[in-house]
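S.K.: sequence-free structure coming up:
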């Protein structure tokens, strides 16, 4: 079982990388680090019922289990290189394996990422992926560098994935137009696009960076905690997709944008004098970016409504074991 | 939850390593590779009901989830450095966390291994650990180098862990002497000692190496397959503990030694002219070693009884999804 699945993924993900001295099939993989780089690594798990609904397509799981990990590398400004996969499956299921391998390989291929190790076991459906990437020494983006006066910026749009989850859980009877909008939100949930190129482009520009996995408030809160600062957001500035606004209205879409997790955009801080450079750099790689607030003295994240009053928050972050 | 557990393990495993530029608490860890080394990595998962019995002590799980991974590094001849942990727990349970952290830290401390990343999620009990170590370029031990005429050797004793599992599953009413023997077998199951020092000592001496996780026949079979050779074992030579022999008799203990998994000794091949050096090197680090057979032309593993006839095999290897 182990060998069949992992071999199938290897066939599909076979990446000609000189730095893989020994890949899948031994007790461990042997890798050559490029000179003058630091190694960045992260691990993330997806469990059926906690992170995805039972019945989710295997190809979507293959994609997403890698995407959430690449998003961690993106948040560090690292260039993806290698991955290992630990897959626990209730039974040996050829169709699942084929679908999973296909989705995983599709995303891995974009980044020339090699799967170098794996372990398959029997048990409740659970997917752990460990990823490894490179960053020049001292240039990793962390949560610790935000300074008072920095601008807070985000890539893409917020709140789409959690709206996609609501649509999947409780599918409404929609007309074709609204069904298409919902489909686009569900795609954000099932096939997130990690902001790898943006993370790399932000090296030397951003002072702190996180990916939005738990929700904007929670994840920007990590920057505030890591940097010993506070943040003030302007509700009106939060980038929301047309689909989210049309389906959920202004108030609800704002709450989803603030609290909704599983979104995998980057939230980062930039000194005011570098904002223009960030905007042009990200425009150059086709990555939308929006200023949403600033770093202030204090602690925690505060949100101001358009009239300047404190914005009411009705949806908190995304917490497992909450 | 995530932070509390991972922080607790970090407290217990805090290792002063200069190569950890950024540890737990950000989106990823940042590590500096030592110059002139290759990176070896492996991942292994333990699932309740598949790899351990429900009710297994948390400290034993913490130890073993790391031990089985260090055993993979040992089989590659690598020196342990860093680990990441993905822990899925049915509920936030402070006692479990404390016990798990303690067992993990106890083994990590022996090797100055730093836990640099982690992810904790809700779901059925499942533990994935990814480990990373170093080996000089080209010196990793693999499954592919065994040559016809090489001697086959193993460290320690075989079959103890599976006998420990039987004892745990179906505890007999024993006198105090036999209960103590069983306890020693159960310890082999719950607290395996990875042969890290032996693996490092075998660099440049062994031509191929595996750890015995699936059983001697299955794992030596991997060397045969990887190297395009066969192997002949002498049943009478298989090292068995006094406890195993006394509790299971000669015939049954032989079958357990051939087929029993979860044992984490090293099985390796050595050209005859290097056997004496291997023996003195391993004696120097207190690691027992035994010659059990030789590599031959052909395929697969064959076992000869003391009278030279083919040994009957009644217990096959340890396979999940069998």
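M.R.: Looks like it arrived, so ask away. As the structure is a prediction and not an experimental result, all values here were calculated from the model. Numbers count the residues shown, from 1 in each chain, chains lettered A, B, ... in the order given.
S.K.: burial count for residue A:79?
M.R.: By the criterion of other Cβ atoms under 10 Å in any protein chain shown, residue A:79 has 22 neighbours. Glycine gets a C-beta too; all of them are placed from N, C-alpha and C.
S.K.: let me know the secondary structure of the spatially most central residue of chain A.
M.R.: When Cα atoms, centre = their mean is applied to chain A, the residue found nearest the centroid is residue A:264 (2.8 Å). In three-state terms, and counting by DSSP: H, G, I helix; E, B strand; the rest coil, residue A:264 is coil.
S.K.: now it: how far from residue A:158?
M.R.: Separation of residue A:264 from residue A:158 (Cβ to Cβ, to the nearest Å): 11 Å.
S.K.: could you name every residue contacting both of these two?
M.R.: residue A:212 (Cβ atoms under 8 Å, 6 or more residues apart in numbering or on different chains).
S.K.: returning to what we had before: ok, the residue nearest to the centre of chain A - contacts?
M.R.: A:67-68, A:71, A:161, A:192-195, A:211-213.
S.K.: inside helices: which ones of those residues?
M.R.: A:67-68, A:71, A:161 (DSSP state H).
S.K.: let's verify residue A:102: helix, strand, or coil?
M.R.: Assigned with three-state DSSP, residue A:102 falls in the helix class.
S.K.: wait, isn't it in contact with residue A:12?
M.R.: Yes: at 6.4 Å, residue A:102 and residue A:12 qualify as touching, with contact defined as Cβ atoms under 8 Å.
S.K.: if I look at the nearest residue to residue A:181 once chain neighbours are set aside, how far off is chain B?
M.R.: Nearest residue to residue A:181 in three dimensions, chain neighbours excluded: residue A:243, at 4.0 Å (Cβ to Cβ, 6 or more residues apart in numbering or on different chains). To chain B, residue A:243 is 27 Å away according to Cβ to the nearest Cβ, to the nearest Å.
S.K.: what subset of the ones in helices among the contacts of residue A:264 is also close to chain B?
M.R.: Checked against chain B using Cβ under 8 Å from any Cβ of the partner chain, those yield the following neighbours: residue A:71.
S.K.: by neighbours, which of the ones in helices among the contacts of residue A:264 wins?
M.R.: When neighbours are counted by other Cβ under 10 Å, residue A:71 leads the ones in helices among the contacts of residue A:264 with 28 neighbours.
S.K.: coming back round to it: burial count for the residue nearest to residue A:181?
M.R.: Other residues lying near residue A:243 total 21 when counted by other Cβ under 10 Å.
S.K.: and it, which of the three is it?
M.R.: State at residue A:243, reduced to three classes by three-state DSSP: helix.
S.K.: my guess is it contacts residue A:178. True?
M.R.: No: assessed by Cβ under 8 Å, residue A:243 is found out of contact with residue A:178, at 9.1 Å.
S.K.: residues contacting the residue of the stretch 101-250 of chain A found nearest chain B?
M.R.: Proximity of the stretch 101-250 of chain A to chain B (Cβ to the nearest Cβ) peaks at residue A:123, 3.4 Å away. With contacts defined as Cβ under 8 Å, 6+ apart, residue A:123 is in contact with A:88-90, B:47-50, B:124, B:126.
S.K.: pick out the most distant pair among these.
M.R.: Using Cβ to Cβ, the two most remote members of the contacts of residue A:123 are A:89 and B:48, lying 14.9 Å apart.
S.K.: please point out which parts of stretch A:32-49 sit buried.
M.R.: Across stretch A:32-49, burial judged by 16 or more other Cβ atoms under 10 Å in any protein chain shown covers A:33, A:37-48.
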